[in-house]
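S.K.: coordinates for the following, if possible.
(one chain, ligands or ions: 2)
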Amino acid sequence: MTKDQYAFDDPTTRYPTIEPPEQEKPEPGLEKDIEPKPDLGEDSYRGTGRLEGRKALITGGDSGIGAATAIAYAREGADVVLSYLPEEEADAQKIVALIEAAGRKAVTVPGDLKDPEYCRELVSTAVSELGGLDIVVNNGGKQVYQENLEDLTDEQFDHTFKTNVYAMFWITKAALPHLKPGSTIINTTSVEAYSPAPILVDYATTKASINTFSKSLAQQLAPRGIRVNTVAPGPVWTALQTSDGQPTEDLPEFGKSTPLGRAGQPAELAPAYVFLASGESSFVVGETLNVNGGMPTP
Ligand code: NAD
Ligand code: MG
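M.R.: Ligands and ions are numbered 1, 2, ... in the order given. Next up is the predicted model:
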């Protein structure tokens, strides 16, 4: 039997050190096309009823960290709405099948996070299809490297901010009237928020914004019984990295500079999102939960 997430073993070798071959996929990267395949916990995540009856919306839920979270949420007892781009339908359908195999409802709402109307429709569809909403995971993101600021176009700067920051604002604002006390909002930031790479100026700036947005909003919503927190991943093997998230020649070394000496797998992020969604984190508010293989944080 495959070991579940509770296995007692050595974190340096829990997952193999990967050497992804150089590969360049068009944005958004499709997970079904990348090598090696990320581990989403398909064969390992074991639920223990921590989110029984909860109703969750996850952006970027088709692949990577969002997909691993969707699988975990379903196995913990939650129904899940997935947001993703229409061209990611094949990746999304794999996750739908896994949610349904866990006996939970999966609702797909493909569309473009850069569009405020889509963001609002996403929330209203989630509320009507699930009969409410109590977990919002803002996780969809755009990361495209540029060596020189001169090559960072106005359009890219705008699209990175719309996808990573504006969509979080639009979705959170639309969700708020539906969130009862006990509900949770979890935003995906990054180690890039405080250790920015020189080639990720726009992306790193959005991730710092997500941190600050979340810490401000967490204080505003805490008296209403709604908790806001963030997860800050370090290098995690996903399709984001293969669609110009990194220079392709750097992929074989991806993640090796972490203290654990390897990249993380999406399956290793999902428990952080479960913890922050469930009542067991009831006194955790405005926190940044770093899941990064040991990279120092402020
Ligand atoms: P991923 O490519 O699997 O997921 C990102 C998702 O964002 C895509 O699947 C896509 O559905 C969604 N998305 C992007 N642009 C969109 C748009 N315009 N409209 C709708 N959806 C859109 O990669 P991932 O690594 O799992 O990324 C998830 C989150 O984790 C992102 O916010 C990313 O910044 C963050 N993150 C990733 C890493 C890493 O090393 N992989 C590190 C730190 C933070
Ligand atoms: Mg995807």
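S.K.: all helices of the stretch 51-200 of the chain, in order?
M.R.: 64-75, 89-101, 116-130, 154-161, 167-175 (DSSP state H, counting those that start in this stretch).
S.K.: and the ones you listed, which is most packed in?
M.R.: Ranked by mean neighbour count, the helices of the stretch 51-200 of the chain are led by helix 64-75 with a mean of 29 (mean count of other Cβ atoms under 10 Å). C-betas here are computed from N, CA, C, even on glycine.
S.K.: that one and ligand 1, any residue contact?
M.R.: Yes: against ligand 1, helix 64-75 shows contacts by Cβ under 6 Å from any ligand atom at Gly64, Ile65, Gly66.
S.K.: identify the residues contacting the first one.
M.R.: With contacts defined as Cβ atoms under 8 Å, 6 or more residues apart in numbering, the neighbours of Gly64 are Glu31, Pro38, Leu40, Val236, Thr238, Ala239, Leu240, Pro266.
S.K.: next: the second one.
M.R.: Under the criterion of Cβ under 8 Å, 6+ apart, the neighbours of Ile65 are Asn139, Thr188, Val231, Pro233, Val236, Thr238, Pro266, Leu269, Ala270, Tyr273.
S.K.: quick check, distance from stretch 157-176 to the centre of its chain.
M.R.: 14 Å (Cα atoms, centre = their mean, to the nearest Å).
S.K.: quick one: mean pLDDT over that stretch.
M.R.: Averaging pLDDT along stretch 157-176 yields 98.
S.K.: nearest residue to Gly77 other than its sequence neighbours?
M.R.: Glu52 (3.7 Å; Cβ to Cβ, 6 or more residues apart in numbering).
S.K.: check the gap between that neighbour and Phe169 for me.
M.R.: Per Cβ to Cβ, to the nearest Å, Glu52 is found 30 Å from Phe169.
S.K.: ok, for Leu130, nearest residue in space, not its chain neighbours?
M.R.: Lys55 (4.1 Å).
S.K.: ugh, wrong one, I meant Gly60
M.R.: Closest residue to Gly60 apart from its sequence neighbours, by Cβ to Cβ, 6+ apart: Gly140 at 3.5 Å.
S.K.: so what's the one you found up against?
M.R.: Thr59, Gly60, Gly66, Ser83, Tyr84, Leu113, Thr163, Asn164, Ala167.
S.K.: contacting residues around the fifth one?
M.R.: Spelled out, that is Tyr84. Contacts of Tyr84 by Cβ under 8 Å, 6+ apart are Pro28, Thr59, Gly60, Gly61, Asp62, Ser63, Gly66, Asp91, Ala92, Thr108, Pro110, Gly140.
S.K.: tilt between the helix or strand harbouring Thr212 and helix 154-161?
M.R.: Per DSSP states H and E, Thr212 falls inside helix 201-221. Calculated by axes from the mean of the first three to the mean of the last three Cα atoms, to 10 degrees, helix 201-221 forms an angle of 30 degrees with helix 154-161.
S.K.: now the element after helix 201-221, going C-ward?
M.R.: strand 227-233.
S.K.: run the contact check for that following strand versus ligand 1.
M.R.: Yes: residues of strand 227-233 contacting ligand 1 under Cβ under 6 Å from any ligand atom: Pro233.
S.K.: list the neighbouring strands of that strand plus their orientation.
M.R.: strand 184-188 (parallel), strand 288-291 (parallel) (DSSP bridges).
S.K.: quick check, the first one touching ligand 1?
M.R.: Pointing back at strand 184-188 there. Yes: interface with ligand 1: strand 184-188 contributes Thr188 (Cβ under 6 Å from any ligand atom).
S.K.: isn't Arg224 up against Pro181?
M.R.: Yes: the pair Arg224 / Pro181 is scored as a contact, 6.7 Å apart, by Cβ atoms under 8 Å.
S.K.: re earlier: beta partners for the residue nearest to Leu130?
M.R.: Asp79.
S.K.: what's the local residue count around it?
M.R.: By other Cβ atoms under 10 Å, 24 other residues sit near Lys55.
S.K.: same thing with the one 4 residues further on?
M.R.: One way to gauge burial is a neighbour count; for Thr59, by other Cβ under 10 Å, it gives 27.
S.K.: so it touches Lys114, yeah?
M.R.: No: with contact defined as Cβ under 8 Å, Thr59 does not count as touching Lys114 (11.9 Å).
S.K.: list residues touching both of the two?
M.R.: Ala167.
S.K.: identify the residues contacting the residue nearest to Leu130.
M.R.: Ala78, Asp79, Ala126, Leu130, Gly131, Gly132, Leu133, Asp134, Ile135.
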